[in-house]
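# Take a look and give me a structure for this.
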Amino acid sequence: MQASNVAAPSPAITSSVDLVDWRPEDEAFWKENGSRIANRNLWISIPSLLCGFAVWLMWGIITVQMANAGFPFAPDQLFSLAAIAGLSGATTRIPASFFIRICGGRNTVWLTTALLMIPAVGTGIALQSLETPLWVFQLMALLSGMGGGNFACSMANISTFFPKRLQGTALGLNAGLGNFGVTTSQLLIPAVMTMGVFGALGGDAIPLVKDSATLIGKIAAGTPTYVQNAGFVWLLLLVPLAVVGWFGMNNLLTVSPNIGSTGAALGKIILFYGIALVVSAIGLYLYLPSGLGVLAGGGMWIMLPLVILGTLYGMKFAASGEMKTNLDKQFAIFRNKHTWSMTALYVVTFGSFIGFSMALPLSITVIFGNTHVLDPATQAWVHAKNPNAPSALMFAWIGPFVGALIRPVGGWISDKLGGSIVTQWISIVLVIASAVTGYVMFLAYHSATPEQYFFMFMALFVLLFAASGIGNGSTFRTVGFVFDKDERGPVLGWTSAVAAYGSFIAPVVIGGQIKAGTPEYAMYGFAVFYALCVVLNWWFYLRKDAYIQNP
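So this is what the prediction gives:
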């Protein structure tokens with residue numbers, strides 16, 4: 001009987017999609033089989049997550065090129081597409097944070113990646129014609145939010161494969177390299193629009209009506225452009241990833257013991273994603289002027305909690321039987337005070353990264369794209385086109401690139417020094433950098449030659465992205481130590497879901513303050529929030545009698 005127990009794990013480890021024996025903290029097990037399997041799942045997860053980020057955030061670039069190509073939509077309608085994708089991406093993270101335990105890691109990562117083909121193809125088809133109505137693009141932006149949801153389930157999944165001593169590094173690699181989807185989208189989309197990559201299948205080119213730009217230079221008005229490639233290009237990655245994910249990833253039955261059949265697991269994912277998308281659509285209808293608009297403006301702070309609560313209760317209402325029992329067990333994380341402290345700290349890090357990624361291109365365009373001169377007669381600021389304006393498409397990618405590149409370093413440093421001490425230092429950097437960035441924005445927005453402040457502006461934003469990137473790794477390290485294996489995945493998913501609303505909040509707040517003529521107030525407000533979180537992190541994890549010392 002004893003010999004049987006020893007021999008049983010071997011076939012499960014070497015051949016089965018569903019692994020019945022998984023002991024990453026056992027050094028002998030880890031060296032013999034665990035490390036190889038964990039790393040295989042990690043290196044399939046990373047490009048899948050990259051595609052999720054890219055499809056989610058592609059609207060920030062697509063809308064710029066839609067305007068250049070002459071699509072008949074007002075600027076606020078185009079910017080609403082990025083807002084729609086931002087909100088739905090954050091909301092789909094809520095159910096995604098619970099998928100791993102109830103549906104299995106392999107089932108979840110495979111399906112959530114394969115589903116991205118729907119908005120990729122749909123967006124490509126919609127962009128083939130200038131006559132496509134706005135609601136079609138709004139629907140595609142809503143579905144693109146599934147790419148935002150991928151992060152929650154991807155991080156929850158990878159956290160279950162690695163021992164605690166490697167949590168920071170593994171999660172930092174997954175998140176950091178996955179975050180390159182932001183930069184990939186910002187660089188690849190403008191490039192592929194210049195060529196007929198898909199031949200006749202891609203449709204006809206549309207001439208630009210305004211000058212555009214890529215990393216290698218400007219593109220003159222009148223140049224034929226294949227704007228539809230912004231959607232189709234992701235199929236070149238998504239199709240092979242669907243094959244590799246299906247055959248190469250694993251479900252850990254030690255983490256997901258009651259996932260049932262593969263079909264049932266996939267059905268749960270579709271059901272809960274559907275609930276999140278429907279609730280997001282209702283919230284957007286209440287908020288956007290193109291819908292009902294009753295919660296426009298300051299009502300954002302009402303709409304967001306309603307969407308979060310609506311999604312959570314929608315999931316509980318739809319669940320039944322064992323699925324409901326599993327959800328109830330995972331909802332126990334909300335009774336743990338560390339869930340809420342880590343949620344706030346992750347808003348500081350990932351919320352800043354994703355929010356600034358969405359807001360930076362618009363900030364460059366508005367603040368530096370115009371000259372700002374005070375009319376002495378009316379005492380009003382007069383804005384005119386700046387002939388020396390920097391191109392947002394040529395520079396906006398730098399910050400997200402640095403933030404994603406340095407994220408694994410944050411995990412590695414945190415494994416050596418402890419997560420909370422690293423979080424503390426980067427939070428202090430964010431306080432100072434945000435306040436100084438606000439002052440530079442004030443100077444540029446009140447200058448006839450704002451371009452003189454652009455280098456300092458970009459350097460400060462690169463510092464903000466670098467600090468938030470390092471902090472992403474450090475907060476994940478802390479979560480890995482504070483929570484047990486049953487709570488770790490849901491907490492990682494939940495905190496990432498709330499932080500992802502930064503992709504909606506930051507552009508709205510910064511854009512609103514720019515419209516009011518006081519862009520610096522947005523950055524000063526962020527600095528105050530970061531300062532509060534410095535105190536929160538110290539109280540929970542760094543003071544002498546902290547709840548847990550420097551996890």
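# What residues sit buried inside stretch 418-437?
Buried residues in stretch 418-437, defined by neighbour count with 16 or more other Cβ atoms under 10 Å: 418-427, 429-431, 433-437. C-beta here means a position set from N, CA and C on the backbone, and glycine is covered the same way.
# mind listing the helices in the stretch 301-450 of the chain by residue range?
321-330, 337-346, 352-363, 392-395, 398-417, 419-445 (DSSP state H, counting those that start in this stretch).
# just for the stretch 51-200 of the chain, where's the confidence low?
75-76 (pLDDT under 70).
# could you redo the last one with a cut-off of 80?
60, 64, 67, 74-80, 83, 167-169, 171-172, 175-176, 179, 199-200 (pLDDT under 80).
# picking up where we left off before, I'd like the helices of the stretch 301-450 of the chain written out as a markdown table, with distance to residue 299 and mean pLDDT added.
A markdown table is the format used below for these (distance: least, Cβ to Cβ, whole Å; pLDDT from 0 to 100):
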| stretch | distance to residue 299 | mean pLDDT |
| --- | --- | --- |
| helix 321-330 | 30 | 70 |
| helix 337-346 | 22 | 92 |
| helix 352-363 | 19 | 82 |
| helix 392-395 | 29 | 79 |
| helix 398-417 | 29 | 85 |
| helix 419-445 | 25 | 94 |
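# What segments of this structure are strands?
Along the chain, the segments classed as strands by DSSP state E run 18-19, 206-207, 212-214, 217-219, 224-225, 251-252, 370-375, 380-385.
# Tabulate those (JSON lines), appending mean pLDDT, mean neighbour count and distance to residue 536.
Output for those, formatted as JSON lines (pLDDT from 0 to 100; neighbours: other Cβ atoms under 10 Å; distance: least, Cβ to Cβ, whole Å):
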{"stretch": "strand 18-19", "mean pLDDT": "88", "mean neighbour count": "19", "distance to residue 536": "38"}
{"stretch": "strand 206-207", "mean pLDDT": "86", "mean neighbour count": "16", "distance to residue 536": "50"}
{"stretch": "strand 212-214", "mean pLDDT": "68", "mean neighbour count": "19", "distance to residue 536": "42"}
{"stretch": "strand 217-219", "mean pLDDT": "71", "mean neighbour count": "13", "distance to residue 536": "46"}
{"stretch": "strand 224-225", "mean pLDDT": "84", "mean neighbour count": "17", "distance to residue 536": "48"}
{"stretch": "strand 251-252", "mean pLDDT": "92", "mean neighbour count": "25", "distance to residue 536": "33"}
{"stretch": "strand 370-375", "mean pLDDT": "80", "mean neighbour count": "15", "distance to residue 536": "37"}
{"stretch": "strand 380-385", "mean pLDDT": "76", "mean neighbour count": "12", "distance to residue 536": "38"}
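# Adding distance to residue 174, write those strands out as a markdown table.
Listed next are the strands of the chain as a markdown table, based on distance: least, Cβ to Cβ, whole Å:
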| stretch | distance to residue 174 |
| --- | --- |
| strand 18-19 | 19 |
| strand 206-207 | 37 |
| strand 212-214 | 29 |
| strand 217-219 | 35 |
| strand 224-225 | 34 |
| strand 251-252 | 16 |
| strand 370-375 | 40 |
| strand 380-385 | 43 |
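# Of the ones you listed, which is nearest residue 112?
strand 251-252 (14.1 Å; Cβ to Cβ).
# who does the closest one touch, helix- and strand-wise?
strand 18-19, helix 105-114 (3 or more Cβ pairs under 8 Å, 6 or more residues apart in numbering; DSSP states H and E).
# so what's residue 46 closest to, chain neighbours aside?
residue 177 (4.7 Å; Cβ to Cβ, 6 or more residues apart in numbering).
# Check the spacing between the one you found and residue 186 real quick.
Here the criterion is Cβ to Cβ, to the nearest Å. By it, residue 177 lies 16 Å from residue 186.
# So which of these two has more stuff around it?
residue 186 (27 against 20; other Cβ atoms under 10 Å).
# residues near the nearest residue to that one once chain neighbours are set aside, how many?
Leaving aside its sequence neighbours, residue 186 sits nearest to residue 397 (Cβ to Cβ, 6+ apart; 4.0 Å). Neighbour count for residue 397, taken as other Cβ under 10 Å: 22.
# Now residue 397: phi and psi?
phi -70, psi -20 (degrees, to the nearest 10).
# Residue 128 too?
Residue torsions, per degrees, to the nearest 10, at residue 128 are phi -70, psi -10.
# Could you check how far the most centrally placed residue in the chain is from residue 391?
In the chain, the residue lying closest to the centroid (Cα atoms, centre = their mean) is residue 148, at 5.1 Å. Separation of residue 148 from residue 391 (Cβ to Cβ): 26 Å.
# Equivalent analysis for residue 336, please.
47 Å.
# Neighbour count for those two, which is higher?
With neighbours defined as other Cβ under 10 Å, residue 336 and residue 391 compare such that residue 391 has more, 19 against 14.
# hmm, back to that, may I see the helices of the stretch 301-450 of the chain organised as TSV, with distance to residue 157 added?
Shown next, in TSV, are these (distance: least, Cβ to Cβ, whole Å):
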stretch	distance to residue 157
helix 321-330	14
helix 337-346	17
helix 352-363	20
helix 392-395	34
helix 398-417	16
helix 419-445	20
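# deepest of these, which one?
Compared across the helices of the stretch 301-450 of the chain, helix 352-363 shows the largest average neighbour count, a mean of 27 (mean count of other Cβ atoms under 10 Å).
# The biggest helix by length in the chain: which residues count as buried?
If you go by DSSP state H, the chain has its longest helix at helix 454-482. Going by neighbour count (16+ other Cβ under 10 Å), the buried part of helix 454-482 is 454, 457-458, 460-482.
# Next: stretch 161-176.
Buried residues in stretch 161-176 (16+ other Cβ under 10 Å): 161-164, 166-176.
# Pick the one among those closest to residue 283.
Using Cβ to Cβ, these come closest to residue 283 at residue 175, 26.4 Å.
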